[in-house]
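Enquirer: Could you work out the structure for the sequence below:
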Amino acid sequence: MSGGDEYRIKAAKFHARAQTENDPNTRSELENLARAYLLLAQQAERNTHIDIVYETPPPKAGEVKRS
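Expert: Prediction:
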């Protein structure tokens, strides 16, 4: 399962739950949650294509290196 799949599953569950909700405010909030999880899924997919490498910056002039 890809990184975004779990978010898509949660989005589908919130969407399905919203379809059965009678209260308009609750239904709206559930739909908002579903959309938010879809955005998280898209971000998770983008993150799988990024390699993050952190390198400690060199010490500044006059700074003592600590180990």
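
Enquirer: in what helix or strand does the spatially most central residue of the chain lie?
Expert: When C-alpha atoms, centre = their mean is applied to the chain, the residue found nearest the centroid is Leu40 (3.3 Å). If you go by DSSP states H and E, Leu40 is part of helix 24-47.

Enquirer: Which elements pack onto that helix?
Expert: Contacts defined by 3 or more C-beta pairs under 8 Å, 6 or more residues apart in numbering; DSSP states H and E place helix 24-47 against helix 5-19. For the C-beta atoms, the positions are set from N, CA and C on the backbone; glycine is no exception.

Enquirer: give me every residue that touches the closest residue to Gln42 other than its chain neighbours.
Expert: What sits nearest to Gln42 in space, not counting adjacent residues and going by C-beta to C-beta, 6 or more residues apart in numbering, is Gly4, at 6.7 Å. Neighbour list for Gly4: 40-45 [criterion: C-beta atoms under 8 Å, 6 or more residues apart in numbering].

Enquirer: just how off-centre is stretch 34-43 within its chain?
Expert: Between the centre of stretch 34-43 and the centre of its chain there are 6 Å (C-alpha atoms, centre = their mean, to the nearest Å).

Enquirer: thinking again about what came up before, between the helix holding Leu40 and helix 5-19, how big is the angle?
Expert: Angle of helix 24-47 versus helix 5-19, following axes from the mean of the first three to the mean of the last three C-alpha atoms, to 10 degrees, is 170 degrees.

Enquirer: for helix 24-47, what is the average pLDDT?
Expert: Throughout helix 24-47, pLDDT has a mean value of 96.

Enquirer: How far off centre is that helix?
Expert: Here helix 24-47 is found 9 Å from its chain centre; the criterion is C-alpha atoms, centre = their mean.

Enquirer: Same check on stretch 15-22?
Expert: That offset, for stretch 15-22, works out to 23 Å (C-alpha atoms, centre = their mean).

Enquirer: which residues touch it?
Expert: Contacts of stretch 15-22 (C-beta under 8 Å, 6+ apart): 27, 30-31, 34.

Enquirer: got the CA coordinates for it in CSV?
Expert: Taking only C-alpha atoms (Å, rounded to 0.1, in the frame of the first residue of the first chain), the coordinates of stretch 15-22 have been written out as CSV:
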residue,chain,number,x,y,z
HIS,A,15,-17.3,10.6,2.8
ALA,A,16,-19.5,7.5,3.3
ARG,A,17,-20.4,8.6,6.8
ALA,A,18,-21.3,12.1,5.6
GLN,A,19,-23.7,10.6,3.1
THR,A,20,-25.7,9.0,5.9
GLU,A,21,-25.6,12.0,8.2
ASN,A,22,-28.8,14.0,8.7
